[in-house]
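Participant: This is the structure alone, sequence omitted:
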């Protein structure tokens with residue numbers, strides 16, 4: 001039984017229509033449609049592959065994942081098959097501005113997406129072998145976490161602990177329940193589309 005047949009037999013039709021796309025292609029798009037931070041990130045493979053695209057539930061809800069304890073979820077994810085029979089999960093979150101507090105939130109969104117992906121993968125008999133995360137942004141205000149902590153301490157303000165920020169400097173993301181995974185920043189180029197700003201980027205993710 002192929003993947004499309006498994007999805008049809010094992011998953012609710014409404015869930016597939018709202019959250020999943022199974023298609024063979026070389027390019028896949030993740031979109032953020034908010035008016036103040038609209039973005040489009042194209043994930044590009046070296047050759048066409050049959051991949052499973054997962055997008056966040058409408059309104060960030062948990063209708064289809066009521067067992068999941070968080071509504072946070074990244075904007076889009078892509079499961080790409082490997083030569084060994086497993087899948088690599090590519091998870092994308094888009095932000096207008098990335099700063100220290102939003103970095104902590106982004107990691108929760110990555111983890112929420114991965115929780116959902118594991119649920120889908122289990123239902124479809126897929127094995128997730130590896131995870132790679134990407135944050136697409138128009139502006140970044142992240143600095144050395146030691147400087148952030150020192151500045152906030154002097155001002156008496158609250159800030160995430162240094163170890164919550166240090167992973168970003170090492171091109172990784174600590175996803176709490178799932179441990180540390182590879183992370184990459186993706187700067188967006190802002191363009192005009194239908195009278196509004198849209199951030200765009202292309203990202204080669206290999207096969």
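Facilitator: Done, it's in. Predicted, not measured: the structure shown is a model, and the values here were computed from it.

Participant: Which stretches in this protein count as strands?
Facilitator: Secondary structure of the chain (DSSP state E): strands at 20-32, 39-55, 76-81, 87-98, 128-140, 172-174, 180-187, 189-193, 196-204.

Participant: partners of the first one, with directions?
Facilitator: Within its sheet, and counting by DSSP bridges, strand 20-32 is paired with strand 39-55 (antiparallel).

Participant: can I get the strands of the chain in JSON lines with mean neighbour count?
Facilitator: Placement of C-beta: from N, CA and C, glycine included. Compiled in JSON lines, these are given as follows (neighbours: other Cβ atoms under 10 Å):
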{"stretch": "strand 20-32", "mean neighbour count": "16"}
{"stretch": "strand 39-55", "mean neighbour count": "18"}
{"stretch": "strand 76-81", "mean neighbour count": "23"}
{"stretch": "strand 87-98", "mean neighbour count": "24"}
{"stretch": "strand 128-140", "mean neighbour count": "20"}
{"stretch": "strand 172-174", "mean neighbour count": "21"}
{"stretch": "strand 180-187", "mean neighbour count": "16"}
{"stretch": "strand 189-193", "mean neighbour count": "11"}
{"stretch": "strand 196-204", "mean neighbour count": "15"}
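
Participant: Pick out the shakiest of the ones you listed, pLDDT-wise.
Facilitator: Across those, strand 189-193 has the smallest mean pLDDT, namely a mean of 89.

Participant: helices and strands around it, which ones?
Facilitator: In terms of contacts (3 or more Cβ pairs under 8 Å, 6 or more residues apart in numbering; DSSP states H and E), strand 189-193 is packed against strand 196-204.

Participant: could I get the strands of the chain as a markdown table with distance to residue 12?
Facilitator: Converted to a markdown table, the strands of the chain look like this (distance: least, Cβ to Cβ, whole Å):
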| stretch | distance to residue 12 |
| --- | --- |
| strand 20-32 | 10 |
| strand 39-55 | 14 |
| strand 76-81 | 18 |
| strand 87-98 | 21 |
| strand 128-140 | 21 |
| strand 172-174 | 31 |
| strand 180-187 | 29 |
| strand 189-193 | 34 |
| strand 196-204 | 31 |
